[in-house]
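# task: produce atomic coordinates for the following.
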Amino acid sequence: MYSLQKRGKFIVIEGLDGSGKTTQARLIAARLSLSYNAIYTAEPSQGKIGTYIREACLFGENRLLSTVEALLFAADRIEHVESEIKPALAKGRLVLSDRYVYSSLAYQGSEGLSTAWISEINKHALKPDFAVFIDVFPEIVLQRLRRRRSVMENLETQRKVREIYLQYVEKGELSRINGNRSMKEVAEDLAATVLSFLENH
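Purely as a prediction, here's the structure:
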């Protein structure tokens, strides 16, 4: 089995809801699980705060204020890092996370919060070694979401979220993958992109 030297690597997979991000993150974690001792994780986490977020905060008419949601996500992220991500990295494992700080920047940022403030409340979060954005057109993800659940997502909101993600692509913090293709094509491109990073770092 391949052993990562010293500390493991922390890779983040980002994308709009309905982009296929979770499927792709699970696929690549499984693909790399043997050769790189990879594990899959996700946000919101399985911890106490993450569980509360999933159960009480994200959907429906009783959503919390955006500022409160952003603070909860930041708190969950610290717990996630300390209880799961750092221990795995200390063992030399490759950690693949389905969502991370960029999700807060994009989603809470799309609701009018300052991305500078969101970055500030996440300043203690571990910086990923590599981060990927699976880019799917908002019109496509909206069609998928409406088939999957009754919540009517707003196209303009999806566009704002994507715009913020693309700003971080332009800054070089996210590597863009064209998600407007078949699942197999996206999976192959994602695998090639992640393997290229691992082989060179």
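# going by C-alpha atoms from here, please, whenever you check contacts or count neighbours.
Will do.
# give me the contact list for the helix or strand hosting residue 86.
Counting by DSSP states H and E, the element that carries residue 86 is helix 86-90. The contact list for helix 86-90 (C-alpha atoms under 8 Å, 6 or more residues apart in numbering) reads 6, 7, 8, 9, 10, 94, 95.
# repeat that for stretch 39-49.
Contacting residues not belonging to stretch 39-49 are listed as 25-26, 29-30, 33, 50-51, 53-54, 72-73, 75-77, 79-80, 93-100 [C-alpha under 8 Å, 6+ apart].
# pLDDT on it, on average?
For stretch 39-49, the mean pLDDT works out to 95.
# what comes up buried for that stretch?
By neighbour count on 16 or more other C-alpha atoms under 10 Å, the buried set for stretch 39-49 is 39, 40, 41, 42, 43, 44, 45, 46, 47, 49.
# just checking, which of these belong to strands?
39, 40, 41, 42 (DSSP state E).
# low-confidence regions, the protein specifically.
For the chain, the stretches with pLDDT under 70 are 1-6, 57-62, 148-153.
# show me where it has its strands.
Per DSSP E, the chain carries strands over the ranges 10-15, 38-42, 94-98, 130-135, 175-178.
# out of these, nearest to residue 158?
Proximity to residue 158 (C-alpha to C-alpha) singles out strand 10-15 among the strands of the chain, at 10.7 Å.
# strand partners of that closest one, parallel vs antiparallel please.
Partners of strand 10-15 in the sheet, by DSSP bridges, are strand 94-98 (parallel), strand 130-135 (parallel).
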